[in-house]
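> could you work out the structure for the sequence below:
(one chain, ligands or ions: 1)
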Amino acid sequence: MSEYAATPREHLARQLAEAVAEALRADLASQARALLVVSGGSTPIAFFAALASQELAWDRVDITLADERWVSEEADDSNARLVREHLLVGKAQQARFVPLTTDHATPEQGVERVTERLLQLTWPASVVILGMGGDGHTASLFPDSRELDLALATDAPVVAVRTPSQPQARITLSAERLHHALRHVLHITGDDKRTVLGRAMSGDDVRELPIRAFLSCPLAIYWAP
Ligand SMILES: O=C(O)[C@H](O)[C@@H](O)[C@H](O)[C@H](O)COP(=O)(O)O
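Prediction:
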């Protein structure tokens, strides 16, 4: 498809990919390795494809997730699977992916192993890319997560979360760990999310709309209709 035929969402994905690649290149000029934290869901797919074709020293890039469902990597709703299929392709195949799941039966049992993995990475991350749901959640910081207060307050890197509105148990980077980055991006599309973001910006209660925990990171907002 020519550049002029691309949709606003495709343009947005390409612009975000260029900005993230530039950030990684800049950090790799002075660091041995650089860390990229991405979100799952449907929004990032076009961005992953655009980023995968960027020229950079991918063999010095680590990629992990903001959060994950506690499912096998083969499951349709696995964020790891999404990353492997859409981002770890082409030039980006050489990046090292660090998943947030283990063979343990529950995320509570897996937290320690995942913590060890994450602490070996290069912090602060170069870029943390957040998504957002219609309920104002980001990563797996949902308004109805039982562990929301813990995930907002702890200095542990990851938290196992149980969320009545969600079918699966999850594991999420804590707010503190998600803050531990040189750059933060919110990547969202559609009028509904723009409305939610507007609400988030006009109030302070983080438990009501957890995205509020990141509004002053500063946060670069990539939005398209
Ligand atoms: O689903 C996930 O893995 C993430 O936990 C979640 O925070 C996501 O970024 C938002 O739910 C937006 O998802 P969509 O892009 O599918 O709207």
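
> which stretches of this protein have low pLDDT?
Within the chain, the stretches with pLDDT under 70 are 1-4.

> who in it is up against the ligand?
By CB under 6 Å from any ligand atom, the part of the chain that sits against the ligand consists of 39-43, 67, 79, 131-133, 137-140. Placement of C-beta: from N, CA and C, glycine included.

> okay, those residues in a markdown table with neighbour count, distance to A21 and secondary structure next?
As requested, the residues of the chain next to the ligand are exported to a markdown table (neighbours: other CB atoms under 10 Å; distance: CB to CB, whole Å; DSSP: H, G, I helix; E, B strand; the rest coil):
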| residue | neighbour count | distance to A21 | secondary structure |
| --- | --- | --- | --- |
| S39 | 24 | 17 | coil |
| G40 | 22 | 20 | coil |
| G41 | 16 | 21 | coil |
| S42 | 9 | 22 | coil |
| T43 | 21 | 18 | coil |
| D67 | 27 | 23 | strand |
| N79 | 24 | 21 | helix |
| G131 | 23 | 19 | coil |
| M132 | 24 | 23 | coil |
| G133 | 19 | 27 | coil |
| H137 | 24 | 27 | coil |
| T138 | 25 | 23 | strand |
| A139 | 31 | 22 | coil |
| S140 | 32 | 27 | coil |
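
> show me where this protein has helices.
Ranges of helices in the chain, per DSSP state H, are 8-28, 45-52, 79-86, 107-119, 148-153, 175-179, 191-201.

> okay then, goodbye and thanks.
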